[in-house]
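1. kindly generate the corresponding structure for this input.
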Amino acid sequence: MKINTFHLFTLLFALLMILGTGCDLYEQDEYRELVQIESYLVAGRQLPVVRITRTLPIDVEYTFESAALSGAIVSITLLDENGGTAEVFPYESGAATGIYIPQDDTHIVEARRSYRIDVTFSNRDEQLSAVTTVPDQISVINDVRESVVYQSDEQLEIVLAPTVQTQNQNVFVFDALALNPTPESLTPFYLAAVNDGDAEIEDFFSNSSGLINEGNFDIMADGTIFLNFPWIGAAFYGETTVVTNSVDRNVAELLRSQEVQLGGSTLSPGEIPNLRYNIDGGIGVFGSISSDSVVTNFLRP
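-> Predicted coordinates:
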């Protein structure tokens, strides 16, 4: 069943958690304070909030409030096809320190367009900038089954309308948001994790598939994109909102490097690189996403 609401909370929350712990991912004998930007454009939505913080030493407990920075001068610029300025959107301080909101709440983020963020300060010397190209708007066009038997041979199939590619390859992330999560409805893998004390049930209320690259989906002759929702993404039996996200290069590189940090690599600890950021003059992410959502029911075998 197709729904109109875009549920982006899982992916964006995951990214915020990555960035919130970013100060732990630097060698501490080389620690220096860095400015961090967090902002995500979503195709078809209003301009986003921008969060600006500083990194903290490893021996200081991280909270957004303690890391938040005031005095930032923020703007997001819509670029023309030659990289020049098409329109500038100034930002202003929000209700909380470190939160910056657009003065113009009418602009709708345009798919397949590039945007640049610029940040300077009235009370610091740093100058930061970054560019993102918003993925083409995706749309689920098949009649998604209202129910699917968990781990059956027939996976949940998602077919997307043809899109214009804005990077070398399309990269997707599925999010599964359980609509009635209970301990009794956990699927076996996640039930074991909770029972073993390795996780809390709340960790799986919304669950991400990780990156899905072109080797894991098919592009048909007519340009439609055929994806199978991976069973590892289903943490609960029952009614679930399944969100398909097309992510830009900046978000993809951050998630990919995070997978390496968390053990998805054969590299030894001394060889594992820091997270990959796209911010000139600082760290963080200025990225973009397009999404569409459906609802299905994962049935017990």
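2. which parts of the stretch 201-301 of the chain are helices?
-> 249-261 (DSSP state H, counting those that start in this stretch).
3. start to end distance for stretch 213-221?
-> The first and final residues of stretch 213-221 sit 18 Å from each other (CA to CA, to the nearest Å).
4. repeat for stretch 120-132
-> 18 Å.
5. state the mean pLDDT of that stretch.
-> Stretch 120-132 shows a mean pLDDT of 97.
6. one more: stretch 244-262?
-> 80.
7. go on, stretch 211-228?
-> The pLDDT scores in stretch 211-228 average 90.
8. check which residues of it are buried.
-> Using 16 or more other CB atoms under 10 Å as the test for burial, stretch 211-228 gives 211-212, 225, 227. Any C-beta I mention is one placed from the backbone N, CA and C, and that applies to glycine too.
9. show me how far that stretch is from its chain's centre.
-> From the chain centre to the centre of stretch 211-228 is a distance of 20 Å (CA atoms, centre = their mean, to the nearest Å).
10. got a list of contacts for it?
-> With contacts defined as CB atoms under 8 Å, 6 or more residues apart in numbering, stretch 211-228 is touched by 141, 155-163, 169-174, 230, 244, 247, 252, 255-256, 259.
11. returning to that earlier point: with distance to residue 43 as extra columns, can I get the buried residues of stretch 211-228 in TSV?
-> Below are the buried residues of stretch 211-228 laid out as TSV (distance: CB to CB, whole Å):
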residue	distance to residue 43
211	19
212	18
225	16
227	18
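12. in strands only, show me those.
-> In this view, these that belong to strands under DSSP state E are 211-212, 225, 227.
13. tell me which two in those residues are the farthest apart.
-> By the measure CB to CB, 211 and 225 form the most distant pair in these, at 15.0 Å.
14. circling back to that earlier point, now, among the buried residues of stretch 211-228, which is nearest to residue 117?
-> residue 211 (23.3 Å).
15. buried members of the contacts of stretch 211-228 into PyMOL, please.
-> To isolate the buried members of the contacts of stretch 211-228 in PyMOL, using 16+ other CB under 10 Å:
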select buried, resi 156+158+159+160+161+163+170+171+172+173+174+244+247+252+255+256
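16. restricted to strands, list the contacts of stretch 211-228.
-> Per DSSP E, strands hold the following members of those: 157-160, 172-174, 244, 247.
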